[in-house]
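Peer 1: One predicted model, sequence on top.
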Amino acid sequence: MLKANNISKKYKTVQALSHISFEVGEAEVFGIIGPDGAGKTTLFRILTTLILADEGTATVDGLDVVKDFREIRNRVGYMPGRFSLYQDLSIEENLNFFAKVFNTSVKENYDLVKDIYQQIEPFKKRRAGALSGGMKQKLALCCALIHRPTILFLDEPTTGIDPVSRKELWQMLRRLKEQGITIIVSTPYMDEASLCDRIALIQDGVFLKIDTPDNIVAQFEGTLWGVSADRMSSLLQDLRKEPGVLTAFTFGDTYHVKVDPMKIKKKELATKLEEKGYQEVEIKEIAAGIEDCFMELGVNTKMN
Amino acid sequence: MMTIKATELTKTFGNFTAVDHITFAVQKGEIFGFLGANGAGKTTAMRMLCGLSKPTSGEATVAGFDVRTQSEQIKKNIGYMSQKFALYENLKVWENIRLYAGIYGIKGKEIGKRIDMILEQLGFEKEKNTLVKELPLGWKQKLAFSVSIIHEPQIVFLDEPTGGVDPVTRRQFWELIYQAADRGITAFVTTHYMDEAEYCNRVSIMVDGRIDALDTPKNLKYQYNANTMDEVFHMLARKAKTAKS
């Protein structure tokens, strides 16, 4: 459905993308996961024919992004990261407008957007500019779908959206997949990775890894412990001082500590912490999550 | 000592009640998480506490000043940082620090000292002359936070400070919040990352303009029989009556 081969792009001195290659299959949900500034938007803009790559080639739905840009634009749905609908038009007017631009009507493709549109329909006379965050996202998604695209590009659809609305949006994406639509979605939220069929972890314009979420997690090398105790604020520094502790990061109410199992054992660490006066010390071996893998692969954000 | 105290604080727009009789207090040096779904009323409440919007009814004091009558004193005693705007992109790192030092009334030689201090704290010495627009987002946010507390305010309001920031820098950002709290600065934080809710001393969750839950993360999880703050949030937010945003 989509093939990118060796794509690179530079803005003046900043290398936004370096040698990106990947493929996406039909009706696949492919997640591009990484922080702001990693190059996600640049990649989306190249694949939706809005800007040209300096190097490399790409095809979308079998069409070349440079030569066949007109035809590609009829076939893709694109929801940019920044809200880009007409603020002074109502919900209804925006949707009608986008249908007309693509020579179709809301009626013709209503079945595709119905689930999502029904949630905002009670407010259809309201101006888009007066909608709250989640409602804007739902409208933008309807507008990106109204011409029945074969492939949908969603650039950070969940940024700034609360956890409940985020979950709803992902449920909608699963339903679109069932209807055969290919979805390429970017997000800075690591916990959304597990909702994709496959993901690419991106940082500083480079794909660190492409695989299924399960495989990425399974490939985490090393031993990871979840550690907690009564005085959490000093515990982090004390853990980092311990020989055998490679990294220690906060994860909600516990610390994820990567250790060298040859140098330190669980019991040993527990005893040491208790000697330092910690109480309620708990150390459990845990499985790594996507966020652990990302930090392990990315090591640290570096300056350009 | 309480640095924020709100009693029955309310704001209505026409016949819509955005903030509905909220009552709570925040202690000095506390890290207070202010959570809620989009459209639950967080921003409206925060604007009232910062002295930017007058309450329709109810009372609140921030840093000991009345939000209704002493908004100018409040602005001098708080820091504010949001994801959307914090620094001037076309000024260099040190110029941004100097600008904010000046705005907050820091004078003469003290300005130079603060610039050096912040650069050292953040390990930014090499970036002193870099334009802010050339910094990665995570670096900008750390700088913006340091600048927002340059005048050692009693309280700093942080509106989704870590949105989109990479996982490592996001954690470093929280370490900065902890350091500020250790110095006695109260941090009032909104976030959509539920793991960050766990880092707060206490958390409030707004639903339809009301505060429906307020306690330590540990107690909230116990009360709602949940393993994570994410579960607690979903249970509460699902009760919302208004069209979800």
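Peer 2: That came in fine, so what should we check first?

Peer 1: which one is residue A:15 nearest to, not counting chain neighbours?
Peer 2: Excluding its sequence neighbours, the residue lying closest to residue A:15 (C-beta to C-beta, 6 or more residues apart in numbering or on different chains) is residue A:205, at 5.5 Å. Using the backbone N, CA and C atoms, a C-beta is placed for each residue, glycine as well.

Peer 1: Name the nearest residue to residue B:195, sequence neighbours excluded.
Peer 2: Closest residue to residue B:195 apart from its sequence neighbours, by C-beta to C-beta, 6+ apart: residue A:252 at 4.2 Å.

Peer 1: Now for the one you found: which residues touch it?
Peer 2: If you count contacts by C-beta atoms under 8 Å, 6 or more residues apart in numbering or on different chains, residue A:252 has them with B:194, B:195, B:198, B:228, B:229.

Peer 1: Closest to the mean position in the chain, which residue would that be?
Peer 2: Since you didn't name a chain, this refers to chain A. For chain A, the residue sitting closest to the mean C-alpha position, by C-alpha atoms, centre = their mean, is residue A:187 at 2.3 Å.

Peer 1: that's the wrong chain, I meant chain B
Peer 2: residue B:158 (2.1 Å).

Peer 1: so what's the closest residue to that residue other than its chain neighbours bridging to?
Peer 2: Using C-beta to C-beta, 6+ apart and skipping the chain neighbours, the partner closest in space to residue B:158 is residue B:189 (4.5 Å). Bridge pairing for residue B:189 (DSSP bridges) gives the partners residue B:33, residue B:158.

Peer 1: what's the single longest helix in chain A?
Peer 2: helix A:163-178 (DSSP state H).

Peer 1: Just the helices from the chain, written as ranges.
Peer 2: I'll assume chain A. A:40-47, A:69-75, A:91-101, A:110-120, A:133-145, A:163-178, A:213-218, A:232-241, A:266-275, A:290-298.

Peer 1: Can you look at chain B instead?
Peer 2: When secondary structure is read from DSSP H, chain B shows helices at B:42-49, B:71-77, B:93-103, B:109-122, B:137-148, B:167-182, B:194-197, B:217-223, B:229-237.

Peer 1: so what does the longest one touch, helix or strand wise?
Peer 2: The reference is to helix B:167-182. The contact analysis (3 or more C-beta pairs under 8 Å, 6 or more residues apart in numbering or on different chains; DSSP states H and E) places helix B:167-182 against strand A:245-251, helix A:290-298, strand B:31-36, helix B:137-148, strand B:186-190.

Peer 1: mind listing what the closest residue to residue A:297 other than its chain neighbours touches?
Peer 2: Spatially, and ignoring its direct neighbours in sequence, residue A:297 is nearest to residue A:208 (4.3 Å; C-beta to C-beta, 6+ apart). By C-beta under 8 Å, 6+ apart, the residues touching residue A:208 are A:201, A:202, A:294, A:297, A:298.

Peer 1: partners of the first one in the sheet?
Peer 2: In this structure, residue A:201 has the following beta-bridge partners (DSSP bridges): residue A:33, residue A:209.

Peer 1: For chain B, see how far away it is.
Peer 2: Using C-beta to the nearest C-beta, to the nearest Å, residue A:201 is found at 11 Å from chain B.

Peer 1: ok, back up a step: the residue nearest to the centre of chain A reaches residue A:33, doesn't it?
Peer 2: Yes. With contact defined as C-beta atoms under 8 Å, residue A:187 counts as touching residue A:33 (5.8 Å).

Peer 1: Need the residues touching each of those two.
Peer 2: Common contacts of residue A:187 and residue A:33 (C-beta under 8 Å, 6+ apart): residue A:193.

Peer 1: just to revisit the earlier point, any figure for the gap between the residue nearest to residue B:158 and residue B:239?
Peer 2: 23 Å (C-beta to C-beta, to the nearest Å).

Peer 1: can you check residue A:207 too?
Peer 2: Counting by C-beta to C-beta, the separation of residue A:207 from residue B:239 is 41 Å.

Peer 1: do the same with residue A:144
Peer 2: Per C-beta to C-beta, residue A:144 is found 31 Å from residue B:239.

Peer 1: So between these two, which is more surrounded?
Peer 2: Higher neighbour count among residue A:144 and residue B:239: residue A:144, with 22 against 9, using other C-beta atoms under 10 Å in any protein chain shown.

Peer 1: residues in contact with the more buried one?
Peer 2: Shown in contact with residue A:144 (C-beta under 8 Å, 6+ apart): A:77, A:78, A:79, A:152, A:154.

Peer 1: coming back round to it: would JSON lines of the helices of chain A with mean pLDDT be doable?
Peer 2: Putting those into JSON lines (pLDDT from 0 to 100) gives the following:
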{"stretch": "helix A:40-47", "mean pLDDT": "95"}
{"stretch": "helix A:69-75", "mean pLDDT": "94"}
{"stretch": "helix A:91-101", "mean pLDDT": "95"}
{"stretch": "helix A:110-120", "mean pLDDT": "90"}
{"stretch": "helix A:133-145", "mean pLDDT": "90"}
{"stretch": "helix A:163-178", "mean pLDDT": "90"}
{"stretch": "helix A:213-218", "mean pLDDT": "94"}
{"stretch": "helix A:232-241", "mean pLDDT": "88"}
{"stretch": "helix A:266-275", "mean pLDDT": "94"}
{"stretch": "helix A:290-298", "mean pLDDT": "88"}
